[in-house]
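1. below: sequence and its predicted model.
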Amino acid sequence: MKKYFKLLSCFALIFVMLFSFIACDNTTEEIPEDKGPGFKIEREKYFYGVGEMFSGTVDAAQTSEMTINLSSAMGMQSFRIWMHKTSVLQKSNSNEITVRNAIETYKGYVNSLISAGVTNIIAMSHYYLYPTGFSGGGLGVFPTPDSSYYSSFMEMVEESYYVLVQEFPQIKYWECGNEVNEHKYMQKPGGAAYTLKEKAQITTDLMYYASRGIKRANPDAVAVMPGLVFSNNVSSGIVAFLNHIYTNIKSGDFPSTGIESSTDPNDYFDVLNWHPYNFSGDSSEGSSFDKLNKMAYKVAQDNGDDGKKVFFTEYGYTTTQQSGLSREQLEERQGDYIAQDMQNIWNNLPFVETVIIFRLFDWEQAGAATGNPNSIEIGFGLFTSPNNGDIRPKEIGIKLFKQINGQDADLSPIYQYDTTWQA
């Protein structure tokens, strides 16, 4: 009996060892392979960011040093830089693309940001170069897909990114457009409107060609979807637009220019991206903000992109446009919003790697620039406008600084341009 029992024990031990080996082997097989850079979410490194323009329609007193110093003082990990291709690139009559002298200025901006500790740079352009003979180019203008210029325009998108990315090996992320589901940033020559489906067609092509140029120049660079306007309209909002994008990719008919097609979303974008401005301040789990973000992400999940990261390349609140409230009251309210919103995004939207606050400074000259004295653009800053003299952090800037650096952190770095401040 003992001998029989020993034999059974021996078989049992062999069975356990065999089962353990199989289990370990299965576990190894189940480890997902690297799907690409968009599936590596490093929010501890890059969650907090800010966007600001170094040149263009900004307040005259703003300097690049202020932008760099205050971004660093805030403890920002990421920065979205407006680097319009029309500012740094030029083309010949034969459509050859070369760099402008201004590119050295932008290299200085980028290197200074990195030296100041703001190392994660996202470069964005919403202006494009057009083939010779095309007329009517400008902000938001795209040749129609049935025109003779469409394919050559897309080829120039690829070549422009190839030239540009080679010049900036220190920039990892490239965002090839801005709010392309909005008429302002995607329209026909002459200003006529594209349908949502047409916008999605052009955007799908745009992303493919941009990504191809980016990766050809630097295989380690990462293509970012243009930041999308965050609308919950059933037929025309962000969910509908993303569905169109993925349907296009899965169809095997894209790019639509007739070159070899791809059904791999990674050939179009590595990072999803939208602009979920939340002026109500309710970002709690189950809020409309929370639900719409998850609905948008579910489109990616349903199309094989579960685990692909999301950027918010614009996020914030204006403190200059809401009836019945003063700027001071709005500053106080939105100072309260920012901390809870950033915490809720962290807790409830784990697919979001980076949140870029729009923007660093108020833009007091926006009224004159836009023709609207009450422009919503005036009051998005974390800091007051340099045009107003001493630069002070607004309530939203103070609350965000504490969120990043701790509630008891020394505030003096963010008051470095305020001669009246006392600790």
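-> Cool, the structure landed.

2. make it CA atoms for all contacts and neighbour counts henceforth
-> Fine.

3. all strands for the stretch 151-300 of the chain, in order.
-> With DSSP state E, counting those that start in this stretch as the criterion, the stretch 151-300 of the chain has strands at 173-175, 222-224, 228-229, 272-275.

4. make a markdown table from the ones you listed and add distance to Y194, mean pLDDT and mean neighbour count to it.
-> Listed next are the strands of the stretch 151-300 of the chain as a markdown table, based on distance: least, CA to CA, whole Å; pLDDT from 0 to 100; neighbours: other CA atoms under 10 Å:
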| stretch | distance to Y194 | mean pLDDT | mean neighbour count |
| --- | --- | --- | --- |
| strand 173-175 | 22 | 98 | 25 |
| strand 222-224 | 23 | 98 | 26 |
| strand 228-229 | 15 | 98 | 22 |
| strand 272-275 | 20 | 98 | 23 |
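
5. using a markdown table, lay out the ones you listed together with distance to M186.
-> Putting the strands of the stretch 151-300 of the chain into a markdown table (distance: least, CA to CA, whole Å) gives the following:
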| stretch | distance to M186 |
| --- | --- |
| strand 173-175 | 15 |
| strand 222-224 | 17 |
| strand 228-229 | 12 |
| strand 272-275 | 16 |
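
6. could you pull up phi and psi at G237?
-> When read as degrees, to the nearest 10, the backbone of G237 gives phi -80, psi -170.

7. count the residues that sit near it.
-> G237: 18 surrounding residues under other CA atoms under 10 Å.

8. likewise N344?
-> 17.

9. before we move on, what about the one 3 residues further on?
-> Residues contacting N347 under the criterion other CA under 10 Å number 11.

10. mind telling me what element it is part of?
-> Using DSSP states H and E, N347 maps to helix 327-348.

11. got phi/psi on S256?
-> The phi/psi pair for S256 (degrees, to the nearest 10) is phi -80, psi 0.

12. who's in contact with the residue nearest to it when sequence neighbours are not counted?
-> Closest residue to S256 apart from its sequence neighbours, by CA to CA, 6 or more residues apart in numbering: D205 at 6.7 Å. D205 is in contact with M154, F254, P255, S256, T257, counting by CA atoms under 8 Å, 6 or more residues apart in numbering.

13. what is the nearest of those to K399?
-> M154 (43.4 Å; CA to CA).

14. touching, the closest one and Y208? I think so.
-> No - M154 lies out of contact with Y208 (CA atoms under 8 Å); the separation is 9.1 Å.

15. can you list contacts of stretch 295-312?
-> 38-41, 227, 238-239, 242-243, 246, 265, 270-276, 351-356.

16. if you could redo that for stretch 88-106, that was the one I meant.
-> Contact with stretch 88-106 is made by M83, S87, L129, P131, T132, M156, E159, S160, V163, L164, as judged by CA under 8 Å, 6+ apart.

17. farthest-apart pair in the contacts of D205, please.
-> M154 and F254 (12.6 Å).

18. quick one: the helices in this structure?
-> 2-30, 43-46, 64-74, 85-88, 103-115, 150-167, 196-217, 238-251, 288-302, 327-348, 366-370, 395-405 (DSSP state H).

19. mind checking which of the ones you listed is nearest C176?
-> helix 196-217 (6.4 Å).

20. and the angle for that closest one with helix 150-167?
-> Interaxial angle of helix 196-217 relative to helix 150-167 (axes from the mean of the first three to the mean of the last three CA atoms, to 10 degrees): 40 degrees.

21. nearest to G177 among the contacts of stretch 88-106?
-> M83 (10.7 Å).

22. quick check: phi and psi at the closest one.
-> Torsion angles, degrees, to the nearest 10, at M83: phi -130, psi 80.

23. begin at 552 from here
-> Will do, 552 is the new start, and the previous item becomes M634.

24. that one touches I672, doesn't it?
-> No - using CA under 8 Å as the test, M634 is too far from I672 to be in contact (11.1 Å).
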